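Trainee: predicted structure and sequence below. I'll ask about it afterward.
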Amino acid sequence: MLWAYLHCYQLTLDTYTPLQQGGSADEPTVVYHENSNSVVQMNAAAKQHGIELGFGLAQTAALCPQAHIIKYDKDVEKQALLSLAHQLYPLASDIVINTEHSLAIRLDNLLQYYGGYDVLWNTLTHEINQQGIHYHYATAWGIEAARVLAKSQINQMLRERTAITKCLAHCKLSYTDLDSKALNALEKVGITSIGQLLTMPVHELGRRFTNDTIRYLTALRGETFPTRTLFRPSSTFKQHTVLPFEVENSQHLLPYMGKLLDTLSHYLRARNLTTSSLCFEIQLREAEQQVMPVSAATPFTCATAWLDLVSLKVERLVLQQPAIALTLLCEDFEPIEKDTNDLFSDRFTHLAQKQLIGRLKAKLGEQSTQLPALGNSHIFEKMTVYQAQGNGQSYGFDAAPTFLLDHPKPLSVASRVCFGPLRLQTGWWEENTQKQDYFIAQTPQGVRLLVFKDTESKWWVQGVYS
Amino acid sequence: MVGTGSVQLMYCELFCQSHYSFLTGASSPAELVTTASFLGYKAVAITDECSVAGIVRAYGAIKEQRLPIKLIVGSYFVFDETLAFILLCPNKAAYAELCRIITNARRRSEKGEYQLAEWDLRTLRHCKLIWLPSGNEEPDNHWAQWFTKHSNIHTHIGAQRLLDGHDHTRFSTYNRLAQQFHFPFVACTGVLMHHSDQLPLQHVLHATRVHQPIDNLGREALSNAERSLRPLKKITKLYPEKWIDNTLALAEQCHFSLAELRYQYPAELVPKGKTPTDYLRECVEAGIKVRFPEGLSDKVRGLIEKEMRLIEEQQYAYFFLTLYDIVQFAKRQGILYQGRGSAANSVVCYCLEITAVDPRQINVLFERFISKERDEPPDIDVDFEHQRREEVIQYIYQKYGRERTAIAATVICYRFKSAFKDAGKALGFSETQLSFIIKQINRRDSVIPWQSQLEHLGLSKEDKKVNLLIEMTEQLLGTPRHLSQHVGGFVISAGPLYELVATENAAMPERTIIQWDKDDIETLGLLKVDILALGMLSAIRRAFDLINAQFPVPVNIPFITKLGDDPQVFDMISKADTVGVFQIESRAQMSMLPRLKPRCYYDLVVQIAIVRPGPIQGDMVHPYLLRRNGKESISYPSEEVKEVLSRTMGVPIFQEQVIQLAMVAAGFSGGEADQLRRAMASWKKDGRIFEFRDKLIKGMVKRGYNEPFANNLFEQIKGFAGYGFPESHSASFAVLAYVSCWLKFYFPVEFYVALLNSWPMGFYTPSQLVQDAKRHNICVHPPCINRSDFAHKVVNLAGDKQIQLGLTIIKGLGETAAQYVCSQRPKQGYESIEAVQKLAIRRDEREALASAGAFNQLSGNRYEARWRMMDQQATLPLFDSLPIENSLNRAPNEVEDLLEDYAATGLCTNNHPIALLSKKKNLNFITPANQLKTKAHKSVVKVLGCVTGRQAPGTAAGVTFITLEDHTGNMNIVVWVATARAQQATFLKSTLLQVNGIIERSKEGVIHIIAGKLIDRTQWLTSLNLASRDFH
């Protein structure tokens, strides 16, 4: 067997690098792991400032106050790695996702398709380089040995057993997957390299270490091959793309959405599937992600048809914060049947009612059918909210008007104050500080109005009660 | 419903929460009573939630400013979501009842929480209850019926009108209750702020309490500022006249004042039939026989009589007797202790054995410290051995019981970092951003204030939120955050403490704290006993034990002080050979010692107090040194000033001198001087000290002092504030400092052993102490399975006293196992590793012994020993007879040995990284520490050492001091801020550092190296695990 191991040592940084090109490429950037308070990845500019891996935030900040800090997120790396695995899957069948930032590919069983290791390796590395991912690599008889060599930054295609053994002997023990207890015990007796360890008689090690450790060591020597779960592309579609720069205008998302829809279209056609619903997750800079579900009354496969619907939806989309990444999810598929005309035609023969609603919703947004409800704020503008599902909570608050006027109107009918004053003095942290006394007045016709008096003692109507 | 208003407006606010209702109230008790008085309220009730923590502050403010307002003591409680009420205290019995309820409710819960039981309500007999209906009909009816049934509870209904849109619902409830039940109504606001301007602060506090940004609070937040103290005119518009009158009627029934609280000491201390003064005299007379076996001189007798008179007049006899009882216990248990503080250095305390300082030797007069005019309570702190203080605390608990004993509280207030963080979080800034900014802000930058530094960190002042962040941070500063436990201030009373003050659980299990801090205790004239812990006392006691085991004449503190000032000891001190001794061991102290050259006890008193931020910031060190060396003449603007300052050559060095100066030069009364003292202690918190500026300067000018002198004095006072060190404490510390120096000089081996056995304590690590011992030509042996005990010990080898490190130094070896290894050791010692392998101790502990080199006597090397200890089969009897083979065949080299020593014990007795390096590398260009004295002043040197400390004192204007250690000694490196900035990476990162710099040698021989180039040599010993102790 021959396995190649890719240790992607700066996956987070690689994921965000396109983003930086929008700003300055020379900006010192570090990836910071919060739990361990340490820098885990950094670019060359950061290194020039004297920052080293393992530094805490304070030390990093002291050395380079302007450093751009990216928070390490295991899921981001995992996502990036999965995406890489998806890209490699058409090229290699046996892929093992080993940790959140490394994967292994079995090479020997592919030889017959590629004709030689060099061609195979070139094909694989070409695909990886396309993704702009930095990695250390090595090959060995098993995943364990290849992993140690890759972490030791051998960066060579080794095929001969003697060459592998020789390289392995020089590697530090700290690159192995031995647990910290075993590592510490070995260090305390002066064993620090794999060479030293592998020369020890197995029975002597067996008297001193756990079975797990011994099992690992035999795998490292290539004497046993632990079972591994191979990567299988998921049965649902999920494609993630990091935007090259922060996008504030939702219209600018469309090209990237189009690209994702293209991939989806390929995915669907390859499987003879179609779908009537998909969902975009828009990752924002600091806030929670924004979700944009899109549904069609009839299933489509064609990317342009979907883009048509998506662009209607995007017209209404207001980004709460600049977007940094996009994910397209599609989980519900239907097989293409003979009466599904979408495969050959993008034309619709008729628009059913639900299609109209679908388009209206897409055009006007999910909020097009709404019911008023009580919002969680003292400020009247935020007190009455409209919700699509009509599930607004009742706060038992009788001063909330049913309809709020966009602009106050002068009170033109003689009315009687029946409630108040309600003094609002809040929102000091926002642009418009509220300070006003409100009253509920009743007109002779019995209409109840939310009114206030301005500094010139003029009365204004702000809202109407049902 | 609405009152028409009358000519004579009368109103009492019966529901006020101060900021002692933590993260709810937005004003201090003093602000509340002052504003209420200004608005013309007749009375104000401070009703913090399940707490009486704020009442003393309110009481103090009223008393201090002579406000024409009545203070009502009360508390607000939330029973559950259906019932909230206020309890007010009409009389002392009601106050005791309130304290009991708070104590019970608090004691049932975790720290900071409380839980009322219905039983608490049923037992109410004296308190007045104001019920705040919830507005929900069903529970309100239930509770109305419940209160009707329990007629022993004097119930009123508290009616609130808050203009928040719910008044309509509230008033409907009131009307309904008024028709169905017959409780009188009182108007109340539920004040959370003294002024409506405090609303933003209240919102920030609220947001902090619920861990949400203000934006998310929604309708939970106050919608307006109506919960502030409102003008009377407005009150009359809001409430029916009857309800307002009722507040007055209720207030009139409340005549309890905190002045009524009489604190009583535990009576059991005094035998029946004797007065406390008689008994104290009896104890003192008995003490005289012990302390003055040769008889009393007239002078000392006169002093004792004078002190006794003062004690009787001020009724302090119980206080002295309480301390006497505690120290007698410590004495019986052989726990070393030392009293310090304003009254501790009196002859009476000497006779009572509270202090071991012979007043004749130190010539410090009691009356200097205790002053009737200043009306301060006597201040005696007693330090006990740090590892045995718990025994003393347990004795106090056992003797007086938990009902009668509690620890004083400390009010933890917002400081810059916490204020900035909480304000920022409330305003919606991200936590990561706030943490980053906090780390970047240099609070010591005297040129650019932190507010302006924000601009450089990307927070533009044009952004409204940034301005709000600054404003809110400033407002939060000094606001109480929660109650914590005082380090050792005990309050002991005759009866249950809840009759005096409410108590609550502390974070530490089985500890209770009262809800008042030391200032409150002082305001009410209660006395607290400070039981503190001091590591040096443990070390000194251990050293005495070691010495006394060798000689027939017992050595103890009185023995050493009676010998008088020893010139040889002072020679050692003047050379700054003071590693490990008490107080004068820090880098700053050590660089001052050769300049000050202390020659007598009082010089040490000054030395201890002068190297402090107070005198340094007040710019007093330099003039003192000049005058001491006769380079500057001493002049006094008046005789009174001379009297105060003559003992310190005209420079105020002690806190007492500053207070005395305010009295004699600016005409402060005793009470005012006391306020000044308190303001000095808390000026960082509240800046109250500036209130005294005008009075001080005007007072001095009026008395004929010129204005620059007066301004200068104020600056000095400011410098002292928060950092001033009292002479009374310095005097006691100086005794311990001298004793430790005496021990170091005459019994160095015992001294180091005692220090190492008392660690953790002091300034230096065991490694640094061992290095220092070796520099004093003391042989230190590493831990050994056959020679070491559990603790470190003195061994006598060929007439030479040496240190044998104990097994306690080995990391990962528990005390039980270490003791077991020692107890099982055959007389001739363990003969083989296998003998230890068979002991019933854990495998990892056996391995720790091996790695520490404890088997070196039995085995070839530590690697081999550990390899054998790791063998699990060898411990099984079945494999006993199998031959032992060494399959490892590895031996550590010198570097590996050193690394293992550091890893296993934190020190190395026979090698030093620099010594090792010098063998392997050509380090001829490097000057070792012990050769620096041969180099000329201003010459260029290159030094190399392990960084053992980085200190950036706030007083040193951006300068950082680095301590480098090589195999020959320590070196002090001065790094100017520009040098540090230019070579930041090296400056911050290096473990092993080469400094190319210029020698600066003072006339007294103090050597500093002014750093020029810093070179990180860490890669020379990359894996050397030497911890650097950072202080920045």
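Mentor: Sure, I can see it.

Trainee: surely residue B:417 is within a helix?
Mentor: Yes - counting by DSSP: H, G, I helix; E, B strand; the rest coil, residue B:417 is part of a helix.

Trainee: kindly confirm my reading that residue A:267 is in a strand.
Mentor: No - Residue A:267 is assigned helix when assessed by three-state DSSP, not a strand.

Trainee: I'd like to know how many residues surround it.
Mentor: The number of residues packed near residue A:267 is 20, by other C-beta atoms under 10 Å in any protein chain shown. Using the backbone N, CA and C atoms, a C-beta is placed for each residue, glycine as well.

Trainee: can you tell me the closest non-neighbouring residue to it?
Mentor: residue A:237 (5.2 Å; C-beta to C-beta, 6 or more residues apart in numbering or on different chains).

Trainee: next up, the contacts around that neighbour.
Mentor: A:264, A:267-268, A:328-331 (C-beta atoms under 8 Å, 6 or more residues apart in numbering or on different chains).

Trainee: distance of residue A:243 from residue B:115?
Mentor: Using C-beta to C-beta, to the nearest Å, residue A:243 is found at 53 Å from residue B:115.

Trainee: tell me which of these two has more neighbours.
Mentor: Per other C-beta under 10 Å, whichever of residue A:243 and residue B:115 has more neighbours is residue A:243, with 19 against 15.

Trainee: my read is that the more buried one contacts residue A:325, right?
Mentor: Yes - here residue A:243 lies in contact with residue A:325, judged by C-beta atoms under 8 Å, at a distance of 5.9 Å.

Trainee: and residue A:401, how far is that from residue B:783?
Mentor: Distance from residue A:401 to residue B:783, by C-beta to C-beta: 81 Å.

Trainee: quick check: the residue of the stretch 401-550 of chain B nearest chain A.
Mentor: residue B:439 (5.0 Å; C-beta to the nearest C-beta).

Trainee: how distant is the helix or strand that contains that residue from the center of its chain?
Mentor: Per DSSP states H and E: residue B:439 is located in helix B:431-440. For helix B:431-440, the separation from the chain centroid amounts to 27 Å (computed by C-alpha atoms, centre = their mean, to the nearest Å).

Trainee: picking up where we left off before, among the contacts of residue A:237, which two are most distant?
Mentor: A:268 and A:329 (13.5 Å; C-beta to C-beta).

Trainee: more neighbours: which of those two?
Mentor: Shown here are residue A:268 and residue A:329; by other C-beta under 10 Å, residue A:268 has more neighbours (23 against 18).

Trainee: burial measure for the nearest residue to the more buried one once chain neighbours are set aside, as a count.
Mentor: Spatially, and ignoring its direct neighbours in sequence, residue A:268 is nearest to residue A:301 (4.7 Å; C-beta to C-beta, 6+ apart). By other C-beta under 10 Å, 23 other residues sit near residue A:301.

Trainee: also the one 3 residues further on?
Mentor: Other residues near residue A:304 come to 12 when the count uses other C-beta under 10 Å.

Trainee: and residue A:401 and residue B:783? which has more neighbours close in?
Mentor: Between residue A:401 and residue B:783, counted using other C-beta under 10 Å, the more crowded position is residue B:783 (26 against 21).

Trainee: helix, strand, or coil at that one?
Mentor: coil.

Trainee: likewise residue B:484?
Mentor: Assignment for residue B:484 (three-state DSSP): strand.

Trainee: and the next helix or strand past the one helix or strand residue B:745 maps to?
Mentor: Secondary-structure assignment from DSSP H and E places residue B:745 in helix B:727-746. Using DSSP H and E, the helix or strand that follows helix B:727-746 towards the C-terminus is helix B:748-758.

Trainee: for that following helix, packing partners?
Mentor: helix B:535-548, helix B:727-746, helix B:766-775, strand B:793-797, strand B:800-804 (3 or more C-beta pairs under 8 Å, 6 or more residues apart in numbering or on different chains; DSSP states H and E).

Trainee: any chance of these in TSV, plus mean pLDDT, distance to chain A and mean neighbour count?
Mentor: TSV is the format used below for these (pLDDT from 0 to 100; distance: least, C-beta to the nearest C-beta, whole Å; neighbours: other C-beta atoms under 10 Å in any protein chain shown):
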stretch	mean pLDDT	distance to chain A	mean neighbour count
helix B:535-548	95	29	23
helix B:727-746	92	34	25
helix B:766-775	92	20	21
strand B:793-797	94	27	15
strand B:800-804	95	24	18
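
Trainee: SS state for the closest residue to residue A:132 other than its chain neighbours?
Mentor: Once flanking residues are discounted, residue A:132 sits nearest to residue A:14: 5.8 Å by C-beta to C-beta, 6+ apart. Here residue A:14 is recorded as helix under three-state DSSP.

Trainee: residue ranges for the helices of the stretch 201-350 of chain A, please.
Mentor: Taking DSSP state H, counting those that start in this stretch as the criterion, the stretch 201-350 of chain A carries its helices at A:202-206, A:211-221, A:254-271, A:303-316.

Trainee: same check on the stretch 501-650 of chain B?
Mentor: B:518-523, B:535-548, B:557-562, B:567-574, B:587-596, B:601-610, B:613-617, B:621-628, B:639-645.

Trainee: hmm, back to that, just checking, the residue nearest to residue A:268 touches residue A:336?
Mentor: Yes - if you go by C-beta under 8 Å, residue A:301 and residue A:336 touch, sitting 6.8 Å apart.

Trainee: list the contacts of residue B:158.
Mentor: By C-beta under 8 Å, 6+ apart, the neighbours of residue B:158 are B:14-15, B:85-86, B:130-132, B:185-186, B:188, B:190.

Trainee: you'd agree it is in a strand?
Mentor: Yes - the assignment for residue B:158, made by three-state DSSP, places it in a strand.

Trainee: hmm, back to that, measure how buried the residue of the stretch 401-550 of chain B closest to chain A is and give me the count.
Mentor: Neighbours around residue B:439, by other C-beta under 10 Å: 18.

Trainee: is residue B:155 in a helix, a strand, or coil?
Mentor: Under three-state DSSP, residue B:155 comes out as strand.

Trainee: what bridges to the residue nearest to residue A:267?
Mentor: residue A:330 (DSSP bridges).

Trainee: pLDDT at it, what is it?
Mentor: Confidence at residue A:237, expressed as pLDDT, is 87.

Trainee: do you know how far it is from residue A:92?
Mentor: 21 Å.

Trainee: cool, residue B:456 as well?
Mentor: Distance from residue B:456 to residue A:92, by C-beta to C-beta: 51 Å.

Trainee: and for residue A:429?
Mentor: From residue A:429 to residue A:92 the distance is 56 Å (C-beta to C-beta).

Trainee: which sections of the stretch 801-950 of chain B are below the confidence cut-off?
Mentor: In the predicted model of the stretch 801-950 of chain B, residues B:874-886 satisfy pLDDT under 70.

Trainee: what does it put close to chain A?
Mentor: Selection of the stretch 801-950 of chain B residues close to chain A by C-beta under 8 Å from any C-beta of the partner chain yields B:847, B:850-851, B:863-864, B:866-867, B:870-874, B:887-888, B:890-892, B:896, B:900.

Trainee: which among those end up buried?
Mentor: B:847, B:850-851, B:863-864, B:866-867, B:870-871, B:874, B:887-888, B:892, B:896, B:900 (16 or more other C-beta atoms under 10 Å in any protein chain shown).

Trainee: so which helix or strand takes in the spatially most central residue of chain B?
Mentor: Among the residues of chain B, the one closest to the centroid is residue B:487, at 6.0 Å (C-alpha atoms, centre = their mean). Element membership of residue B:487, judged by DSSP H and E, is strand B:480-492.

Trainee: parallel or antiparallel, list what pairs with that strand.
Mentor: strand B:405-413 (antiparallel), strand B:529-534 (antiparallel).

Trainee: okay then, goodbye and thanks.
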